[in-house]
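1. sequence and predicted model, in that order:
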Amino acid sequence: MSEPEKKEKDPTKIAVIASLVAASALGLVLLCLVAFRIYLATSLPASQLSRLVTDRLQQDFTVKEIDLSGKALILKGVRLKNPAGFASGELFAADRVVLAPRWNQLLRGRQRFELIDVGGGKLALEKNGSGTWNFENLQRRLAARKPAAERPAPETVIGKLLVKNGSITIQGKGVHGINLQVFNLASGGSRRAQVELAFEDAVGNRYLLKGTARPGADAAVDLSLTAPTMSLKNLAQLFKLKDPEPFQDAQGALRASAVLAKGELKTTGSFSFRRVLIPAARGDYPIAGLLQFNGVYDLSEDTAHLDEATLTIDKMARLQAGGTVSGVKKERVFDLLLSLDAVDLALINVLLPEESRHDLDFGGRLRCESLRLEGNGSAGIESVVGNLQLQEGSLARERELIAAGVAGNLALSRHGATVSARGKFSLPHPEPKALVQALELPVELTLSAGLKPLRAKSDAFSARILGIAVSGRAAYDAGNSEPVRADLAFATREPERLNPWLSRYGIAAFSGTGSGSVLLAGKGAQEMNASARLTVANLKGKQGKDNIGVKAGTATAAATKRGEKLEVRGDARLAAISFQGKSGGARFAYRVADRYLYLNGVQASWGETRFSASSLSGELPAATVTGQLTRRPLRFDLEGGALGQGDFQLSGIAGRVRGSLAGEGKEKWLEGSADLASRALSWRQGAMAAPALHAAFTRQGGRAELNGQLLGGKVAAKAAFRPFAPGAPSSFSVSMTGAAAKEIARLAAGEAGIRPSAGTVDFRLEGTHAGKSGLSCRFDARGREISLANATGKSLVSGAAASVRGRLSGGTLTIEEANASPGRGVVLTARGEIADAQSEKRRGTLLLTLPETSLNDLVESLINLAPPLIQEATLKGSVAAEGRMELREGRKVLNGGVTVRGGRVEASAQKFLVADLNGRIPISLDLGGKGSAAPRAAGEFSRENYPRVLAQLRATQQGGDLVTVERIGFGSVQTGKLSAQLRSQNGLTEITSLRTTLYDGTVLGRGHLLFSGRATYRGDLLVNGLSMKALCKSLPNLEGYISGRVDGVVSVHGIGGDQKRLTGFVDLWAREGGGEKMVVSKQFLQRLAKQKLSGFFLSRDRPYDRAEIKATLERGELTFNELQILNTNALGVKDLNVNIAPTQNRIALDHLLESIKEAAVRGVPASGGEAPAQKPQQEPAPEFKWEE
């Protein structure tokens, strides 16, 4: 083969070989790719990568799966565990990481990536108990792998970096929903990267960060951060503010920018807010504001310049600041200039919780034109120059205005190592409704360089609070063993200045004085000693329409506090307290310790009520809350107690209470027990009882039991109730057995009268009480062997019995059965029903019945109540009675009657006889004294209308009840048959007609008895044809003295049983008729003359032509206006003239009646009854004068 041919074949051969090599290489690459994909499809790559990274980082790292998509490598389930010493969990986790490198550049050793995409990435930074972060080990290992300084690190370039739905948390809190896009990121700073970051904080606020950044040695940043809408409520919860309420509806917005270039970082920004609520004395109100700032930080010089910072709060304040801080990282030397333009102190109400400011609400405006602060981080403030001004300061608590219109200033300056402030506060224009009306408060403060208080004092300050002048001094010295000291004095002579404050309680002060003092010394609120004294004198005022006053009062207190323990001791005395017409006083010593109040030597009185105790103690309740359940302990002890009111006295009282007051929602109840016992219950200095009370309380209600001695018997009572449910039904039962009636009588008020003197009483009461239905109960009382006695102790009734049984329901009292038996065979019964029994408008009916009873048995059972005449008399016949008590509109009217059959009363010794009494005597009594019927008009009874009235009385009266008496005799006085017509209604009982005969004449009459709270009565009698001859014949030694017929009128009117209130008149005159002439015997004339005379005129009986008696009754005395016997002869000459002497024309009514009685029984005095202690003095008998 020729040389040319060889040369021609060699390129062909080379091409073939090259093709084979290329095909082989391509096949090998394809085979490697196929093998690589097959390899990736197994679990080996993920486990090998996990082991490789774990070995290099010395920290558990896992990849769940590795896949290849195009040029991108996909890692799934990436987890970097927390290092040892931390809780189980991941430092970093990602659901999916996509890496798209530029393979050709990567093979050349250049770190170039088209895309890095992290999906669901979570970075959790945590700190353990020793204060080490979970990323610190990783940070150290990565730093140890940095290349040497002479070998620059290779630049990493990422075309596109994406983070989707990521989160970063620090100690469990952080931001979520992070979406990051970075374009052209170069770690060496060769390119400017475009950055866009959107994320959401832990409470849902969205943020957006945009701009450019260039890392590297000559780093540059131009970024802006915006949050158009922010919920400040959520931020308040995120930062755990103690009082998030002001931010409930608040909104905000944030805009900020930062530019880093040539070693300087310039920042500007603004933050606006609105609808932030500030509490104030008169209610909450919303505020809005804006914070603006700009400044420069020089990285090379480590110096920060705050060009301007302005905080503006609409209508409240404007704060401006500027200055320089050098050596920010180390020395922190600062020079700041502040100005404050009228800050509203209401901001304090937002910044401090209520417990920190003790529920106080602040107001006013604080102004600072210039405040210059110089210093450094280690030494603090080294120079202070400035002035603070307070304008229109106010202080309130629970919406009560304490002070308003306060003005003052403080001058700040630096003295050596301390900062001093001097100034004065005053009240140039006080608010009339505020408690403080005047103020002069000089102040000196000394602060450390770190603004820590060292000393403070106020000498000779003064104020007027509610009209009370307060003066004193106060000081604080941190170097003293007792840093806090205060000495206060207060006094007032014008208590009326307190009226604006007192008026809310309905009280007005008029006059009086008061003074007091307070001394304080201690280390602070947790360690303090204090003493106080208060004195008042001659205080006078009013509460509503009632006068109120305190003559003198004194109170002292000495307090010691150590930590949470407080002890207070003292005493109190109040003398001559007066209110609502009552007066009283009190004195006691007290001690408060460990939430217990101890009172010793207690003595108190109010009106007629008196109380004393040797010891009284109790726990001051403090609530314990468990969920919705609240409990307050109740612990009280009483020893040596005594309680009295008027004649009532309870002595030797001892008691204890152990339990708690519980509540859940609106429900309240008591738990525990209470015991109360008394050594003696006395009434009018006589022991009556020794009761003991025990009560137990649960959520279902309370039960109480009372046992002991009462009124000489035994008492037992039980009750079940719910103390905090007034409308709930309660039940009770009371029983008393063997009680002495005499002891019960001692309870009755008023003067001594007829009272039980012996006997026993049993009583039982049981029932229920509910809110709407009221009291409902049944009662049963029985008395046995009852004796009654009068005020002198004389027995009136003995062996009596009584009982009553009934019920009370719905305000209606029903008497089912009531009996009273004063003796054998006599039983008075009652029954009825009364509605609204407990009100003044009660109404109803009571029926009273006395069945037909022997008149002798009735009088025998009441023998000691009967007059002596009846006591000695023989009685026959029967008596029955019925009555109806009507209660209507405050009236109490008893209508009824007494029926007598065959009644006979005969007293032989007194020659008294009432024979054959028959008929019904009606009765009507108005016991309430309201609206009684008026008696019918009775015509005038006089001599002039005598014939007309006589004719009227002789006429037969119709209607009413007829009462007849066959005969009435009293010694020589004997009547014929007597008949009376009676009727009654509305408290008025009338005798419409009365007829009888006496000494051959006729007696006619009428009358009435009106009972309306008291008895008023009247009787009118007409005498017609009474024979003086028969009268003289019936009297011893007077037969034949005088003859003639008598006509006339007798009228009597009285009120009650007092003879002094009797009025009336007598008008009698003589006439001829009925066979009798008007003749007077000579014996009568001689007796009238008190001597035996003879002569022509006295030798025979003498006729007379006029004889009359006129007398008036008034104040228990009968005055004879006329008593004469006259005769005029044919010649017109008065030959007989007998009349009473003018000086002896009056006689007491009781003396006259006694004389008539003695004459009727022929001088024999009445027997029976008690002899008078002294024979009454006899009044002189009327002296008659005889003239011829």
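-> That came through, no problem.
2. how distant is stretch 590-601 from the center of its chain?
-> How far stretch 590-601 lies from its chain's middle: 24 Å, per C-alpha atoms, centre = their mean, to the nearest Å.
3. buried residues in it?
-> Tyr590, Arg591, Val592, Tyr598, Leu599, Asn600 (16 or more other C-beta atoms under 10 Å). Using the backbone N, CA and C atoms, a C-beta is placed for each residue, glycine as well.
4. looking at those residues, which are in helices?
-> Among these, DSSP state H puts none in helices.
5. for those residues, which two are the farthest from each other?
-> Distance extremes for the buried residues of stretch 590-601: the farthest pair is Val592 and Asn600 at 12.6 Å, using C-beta to C-beta.
6. how's the chain carved up into domains?
-> 45-141+153-218, 226-416, 696-806, 811-928, 946-1187 (automatic domain parsing).
7. can you lay out those domains as JSON lines showing mean pLDDT and mean neighbour count?
-> Conversion of the domains of the chain to JSON lines gives the following (pLDDT from 0 to 100; neighbours: other C-beta atoms under 10 Å):
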{"stretch": "domain 45-141+153-218", "mean pLDDT": "77", "mean neighbour count": "15"}
{"stretch": "domain 226-416", "mean pLDDT": "80", "mean neighbour count": "16"}
{"stretch": "domain 696-806", "mean pLDDT": "85", "mean neighbour count": "16"}
{"stretch": "domain 811-928", "mean pLDDT": "86", "mean neighbour count": "17"}
{"stretch": "domain 946-1187", "mean pLDDT": "77", "mean neighbour count": "16"}
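8. ok, which of these comes nearest Pro430?
-> Taking the domains of the chain one by one with C-beta to C-beta, domain 226-416 is closest: 5.6 Å.
9. pretty sure Arg904 contacts Ala873?
-> No. Assessed by C-beta atoms under 8 Å, Arg904 is found out of contact with Ala873, at 9.2 Å.
10. the helix or strand harbouring Gly549 packs against which elements?
-> Taking DSSP states H and E as the criterion, Gly549 maps to strand 546-562. Judged by 3 or more C-beta pairs under 8 Å, 6 or more residues apart in numbering; DSSP states H and E, the packing partners of strand 546-562 are strand 507-524, strand 527-543, strand 565-579.
11. Serialize the ones you listed to JSON lines and add fields for distance to Ala309.
-> Listed next are the helices and strands packed on strand 546-562 as JSON lines, based on distance: least, C-beta to C-beta, whole Å:
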{"stretch": "strand 507-524", "distance to Ala309": "36"}
{"stretch": "strand 527-543", "distance to Ala309": "42"}
{"stretch": "strand 565-579", "distance to Ala309": "46"}
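12. Ala124 is nearest to which of those strands?
-> strand 507-524 (44.5 Å).
13. who's in contact with Arg141?
-> Neighbour list for Arg141: Arg56, Leu57, Gln58 [criterion: C-beta atoms under 8 Å, 6 or more residues apart in numbering].
14. if you could redo that for Arg995, that was the one I meant.
-> Taking C-beta under 8 Å, 6+ apart as the test, what Arg995 contacts is Leu978, Ser979, Ala980, Thr1002, Val1003, Leu1004.
15. swap the cut-off to 10 Å and go again
-> 953-954, 956-957, 964, 976-981, 1002-1005 (C-beta atoms under 10 Å, 6 or more residues apart in numbering).
16. before I go, just wanted to say thanks for your time.
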